[in-house]
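Chemist: Need coordinates for the below:
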Amino acid sequence: MHQFFLASYQYFQRHKIFGVVLLVFFAAVMVFTASNVRFEEDVTGLIPSGEDQAVLKRILKETEFSDKIIVCISSEEENLEKLTQYANQFIDSLNTQLPNYIKNIEGKIPQEGVDEIYDFVYENLPLFLSKKDYSKIENRLSDSAISRQIKQDYRSIVSPTGLVTKKFIFKDPLNLAPLGLNKLKELQVGDNYVLYNNYIVTKDKKHLLLFISPELPASETNKNRIFVEKLEHIQQQLNQDFKDVKGDFFGGVLYSLANANQIKSDVKITVSIAISILLILLIFFYRKIYVPLILFIPGVLAAFTSVAILYFIKGSISAISIGIGSILLGITLDYGLHILTHYRNNRDIKQLYKEVATPVLMSSFTTSIAFLCLLFVQSDALNDLGLFAAISVVVAALLALLIIPLLYNNTDEGDSNSTFLDTVAAVNFYRIKPLLFTVVGLFVLGLFFFSDVQFNHDLSEINFQPESIKKSEQKIQQVANSSGKSIYLVSYGGTIDEALQHNSNVYNRLKEFKDTTILNSYSSIGGVVLSTQMQQEKIANWKDFWAKQDTVALRSKIVRESHEYGFKPQSFNRFYALIQRDFKTLQLQDYQNTTNLYLNDFISNSDDFATVTTTINLDTTSVSEFLAPFKDLKGTVVIDRKRLNESFLGNLKNNFNTLIGLSIIAVFVVLFLFYRNLEISLLTLLPIAVTWVIALGIMAVLQIHFNILNIIISTFIFGLGLDYSIFITNACLKEYQTGQSELKTYQTSILISVITTLLGVGALIFAKHPALQSISVVSIIGILAAVLVAFVFQVWLFNLLFINRRKQGLPPFRFRHIRSFIQNKIYYSKDLYYHDAVLDNYRYKPVYKDAKHLFETNKERYLRVSNFVERGESLFFFHSGMGVLPIYLSYINPESKIAGFEITNDREVANNCFRSKHERLHFTSNLEEAANYSTFVLPKIDKEEVQDSIKKIIEQFAKKVIIVQENLDTKWLLDLDFEIVYRQNGIFVFEKK
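Modeler: Below is the predicted model:
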């Protein structure tokens with residue numbers, strides 16, 4: 001695998017200009033392509049998919065909740081004139097200074113607006129009457145009731161307000177329209193308000209309310225910052241001008257702006273400090289000022305490449321996934337750190353690629369597979385995150401292997417000087433008993449508590465909520481008498497008529513709670529905007545009622561009673577025409593044309609989907625009791641902020657539980673494909689499980705909860721821990737194979753990774769924003785647990801199962817030989833070839849494949865060779881390679897003294913076989929030891945290798961020579977006075993005459 005990267009390195013070393021041009025071209029193409037991608041900023045992308053969820057997503061997309069800014073103008077004493085003066089100046093200032101930021105202002109209804117509403121209700125009166133209203137109307141048709149009402153009408157006309165009331169009385173002498181106008185009260189939550197000078201004021205006449213609909217959504221924080229600053233300036237100026245009246249305002253946009261400002265402030269401060277320290281650390285450690293730059297190149301290019309690929313796959317990507325992914329991509333920095341650290345300590349480029357190519361690619365592939373498991377989570381945003389991160393880590397690893405060795409100048413002698421980090425990395429942490437006991441203790445503790453970690457569904461707890469805004473919110477809630485719990489009942493359908501029909505069912509059930517203490521108040525258009533079917537029923541009720549009445553007699557009564565007060569017979573002709581009119585049904589546009597009804601606050605309508613929203617305020621202790629009758633209503637969804645979060649975030653949490661299981665399975669498969677061994681794969685995966693248990697245990701004990709953000713960050717911790725585990729496994733395998741510990745180099749690169757990650761994400765612990773703090777806390781716990789488990793537990797376990805047993809001359813741990821491990825003895829079923837015994841010496845080592853092939857290919861010949869070795873005979877092997885044949889012969893003839901001579905690196909492999917610890921077997925590079933042996937074996941030789949030194953040793957000390965190679969010229973042995981005693985199947989046996 002490393003050969004490809006070595007060849008690429010050598011090629012670009014010879015063609016540097018072409019390499020630079022190719023890199024710049026690649027970067028330009030990726031950046032240009034990525035710039036064309038469309039970002040989706042819909043936060044509902046985090047909501048899991050499904051039929052019910054799809055409806056909810058559509059509702060949340062089409063319907064606006066709590067976007068209004070509520071303005072409360074208050075005075076200590078009753079002072080309506082001052083309140084309305086303040087409100088007039090406030091509205092004038094808004095219209096003058098902020099016309100581009102405000103869609104409309106509600107709370108003041110001009111006289112023409114009052115007339116408009118009255119006329120609309122009057123002209124469509126049957127649509128606003130209930131069955132109870134007809135009983136009231138019937139009572140008003142008696143002789144005495146008509147007499148009293150006409151008398152009251154006369155007094156109203158001759159009063160000072162007569163100029164206003166006269167036009168209403170002539171149209172409605174029996175005062176029927178107010179019965180319909182009462183339905184409009186249901187458009188407001190609560191009944192704590194009255195109208196004064198066309199403004200909405202509280203009944204105690206100390207507070208006046210206005211409602212501002214911003215032109216921009218709360219997510220447009222940059223533009224809303226200007227809006228809120230100007231709004232605050234207007235408020236402060238008026239508060240100074242009016243000594244006895246003060247204004248205050250509150251809205252969701254304030255929280256959004258406060259959160260955005262705090263996040264920017266926290267990130268700016270913490271990241272600036274972290275990057276400064278990180279740059280100093282990297283420059284100090286690598287002794288190169290440009291090192292930080294080349295470290296970030298692969299990660300940045302990988303991010304653009306990932307977005308570019310997603311552009312071709314989807315054309316769009318969730319902005320949320322990019323935001324989270326930018327944090328997760330800190331993992332790509334690790335690949336460059338590992339490569340640089342190894343390159344710093346080893347200037348042999350061939351050896352560098354041999355050491356780092358496999359673990360870097362393994363880390364990237366396993367981490368990528370873990371991220372790809374996010375595709376199984378039913379969430380569009382997390383699916384995008386999975387693809388984005390998976391592509392990025394693989395591309396970053398490949399680019400790091402290709403680019404960093406080319407850009408890093410490793411020719412200076414001084415760049416590998418020992419530093420404090422090198423000193424720390426040289427420590428064998430697993431040998432520190434208190435540290436080992438601490439890890440084991442934390443793991444045991446975690447086993448008892450890890451399942452107690454809670455998932456916090458309340459998003460408000462990870463929002464930044466300044467005290468000033470909270471106080472404003474509480475004040476306005478007290479004024480509005482809305483201290484209970486607000487819940488939305490949203491009726492939906494393919495058409496507005498269908499949605500209105502479903503809303504009628506909601507409205508009818510709400511009426512059943514009218515006289516209970518459960519329902520504080522509600523705001524509904526159920527009695528105002530009706531479906532076509534309901535309108536037709538209402539019109540039919542009107543016709544039926546008047547059909548039963550003697551309208552001619554009614555007219556005569558009114559004319560007779562009104563004549564006494566000077567009314568003309570034709571004064572009330574419009575009323576007579578009203579009761580005889582043939583009413584028609586209304587369309588939604590007819591309702592919306594009445595501007596002062598503000599129906600857009602309740603209705604949302606598009607080509608194929610419509611919603612009608614009802615707002616209710618409940619006693620907080622009766623939510624479940626109230627909602628029970630509404631859960632089975634067709635075409636209606638209950639939008640309860642907390643329950644909504646619990647439902648969907650709970651599903652998201654369950655999806656992550658599934659994700660963890662899938663990730664573990666997928667990562668194990670990748671590890672098994674790389675290592676081709678069950679035990680090593682499990683040993684590499686086990687530290688991840690231990691880390692997870694320890695981290696969760698600590699979180700449970702410290703009562704740190706998961707939330708929507710830090711549970712996603714746990715994927716990042718999983719990936720980092722996996723990297724650490726893979727690199728420690730490869731370090732231990734190298735020591736197990738060669739006996740030379742490379743743990744210091746691997747631990748150095750991991751330590752730098754830990755420091756950089758803690759500086760980057762861990763620095764957010766100093767942030768004031770709860771969401772950033774939660775991300776940081778979980779990251780710190782996870783990263784420290786991961787490095788502690790890797791340095792202590794994993795290395796200790798590897799030494800226990802493999803390295804220490806080799807030193808004791810025992811085979812490594814295997815599930816098949818669990819008995820041998822427990823009793824610390826060697827148990828092998830004796831077979832003709834000692835197959836398991838021989839191969840166990842190479843098992844778990846990178847050379848295992850070659851050793852196995854060599855043994856499987858030659859075991860028949862090895863068996864024949866053993867027939868020519870007498871009991872107790874001493875054997876000396878020239879060029880014994882990895883020692884397969886000497887080890888085999890030591891098993892079949894344990895009483896023989898055997899030595900293997902080798903001058904290549906193969907000797908290190910042979911010397912680190914557990915069989916080499918046998919007292920009668922050893923491997924050497926000292927040719928002079930051959931003088932102590934009488935039988936010499938040449939497993940494989942070339943003519944050039946048969947040099948004078950070997951000939952002299954054989955001539956001087958050999959009594960027997962065994963050659964395991966076909967078609968070999970053996971004349972030189974005959975010249976040394978040897979004779980052939982066996983020649984068959986590629987085996988030559990010579991004995992001294």
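
Chemist: State the pLDDT value of Leu839.
Modeler: The model reports Leu839 with a pLDDT of 92.

Chemist: Please tell me I have it right and it contacts Ala851.
Modeler: Yes - using Cβ atoms under 8 Å, Leu839 makes contact with Ala851 at a distance of 6.9 Å. Just so you know, the C-beta spots here come from the backbone N, C-alpha and C atoms, and that holds for glycine as well.

Chemist: Looking at the two, which is more packed in?
Modeler: Ranked by neighbour count (other Cβ atoms under 10 Å), Leu839 and Ala851 place Ala851 first, with 23 against 18.

Chemist: host element of the more buried one?
Modeler: Secondary structure assignment for Ala851, by DSSP states H and E: helix 848-866.

Chemist: list the buried ones in that helix?
Modeler: For helix 848-866, a neighbour-count test (16 or more other Cβ atoms under 10 Å) marks 848, 850-852, 854-855, 858-859, 861-862, 864-866 as buried.

Chemist: can you name the two of the residues you listed that are farthest apart?
Modeler: Spanning the widest gap among the buried residues of helix 848-866 are Tyr848 and Arg864, at 24.7 Å by Cβ to Cβ.

Chemist: from what I can see Gly697 touches Gly441, true?
Modeler: No - look at Gly697 against Gly441 with Cβ under 8 Å: they stay out of range, at 10.2 Å.

Chemist: before we move on, the earlier item: average pLDDT across the helix holding Ala851?
Modeler: The average of the pLDDT scores along helix 848-866 is 90.

Chemist: returning to what we had before: name the residue in Gly697 and Gly441 with the higher neighbour count.
Modeler: Neighbour count, other Cβ under 10 Å: between Gly697 and Gly441, Gly697 has more, with 24 against 12.

Chemist: chain center to the helix or strand harbouring that one, what's the gap?
Modeler: Assigned by DSSP H and E, Gly697 belongs to helix 678-701. In terms of Cα atoms, centre = their mean, to the nearest Å, the centre of helix 678-701 is found 21 Å from the chain centre.

Chemist: Would you mark the buried spots in it?
Modeler: For helix 678-701, by 16+ other Cβ under 10 Å, it's 679-681, 683-685, 687-688, 690-701.

Chemist: any idea how far Val506 is from Ala499?
Modeler: From Val506 over to Ala499 the distance is 10 Å, taken as Cβ to Cβ, to the nearest Å.

Chemist: quick one: common contacting residues for those two?
Modeler: Residues touching both Val506 and Ala499 by Cβ atoms under 8 Å, 6 or more residues apart in numbering: Ser491.

Chemist: hang on, the earlier thing: now for the helix holding Gly697, which elements pack on it?
Modeler: Counting contacts by 3 or more Cβ pairs under 8 Å, 6 or more residues apart in numbering; DSSP states H and E, helix 678-701 is packed against helix 433-449, helix 641-675, helix 710-738, helix 770-788, helix 795-798.

Chemist: quick one: pLDDT of the residue nearest the centre of the chain?
Modeler: In the chain, the residue lying closest to the centroid (Cα atoms, centre = their mean) is Ile712, at 3.1 Å. Listed pLDDT for Ile712 reads 72.

Chemist: shouldn't it be in contact with Gly386?
Modeler: No - applying Cβ under 8 Å, one finds Ile712 not in contact with Gly386, separated by 10.5 Å.

Chemist: ok so, going back, just the mean pLDDT for the helix holding Gly697, thanks.
Modeler: Averaging pLDDT along helix 678-701 gives 90.

Chemist: and if you look at stretch 769-781?
Modeler: Averaged over stretch 769-781, pLDDT sits at 80.

Chemist: Many thanks, we can stop here.
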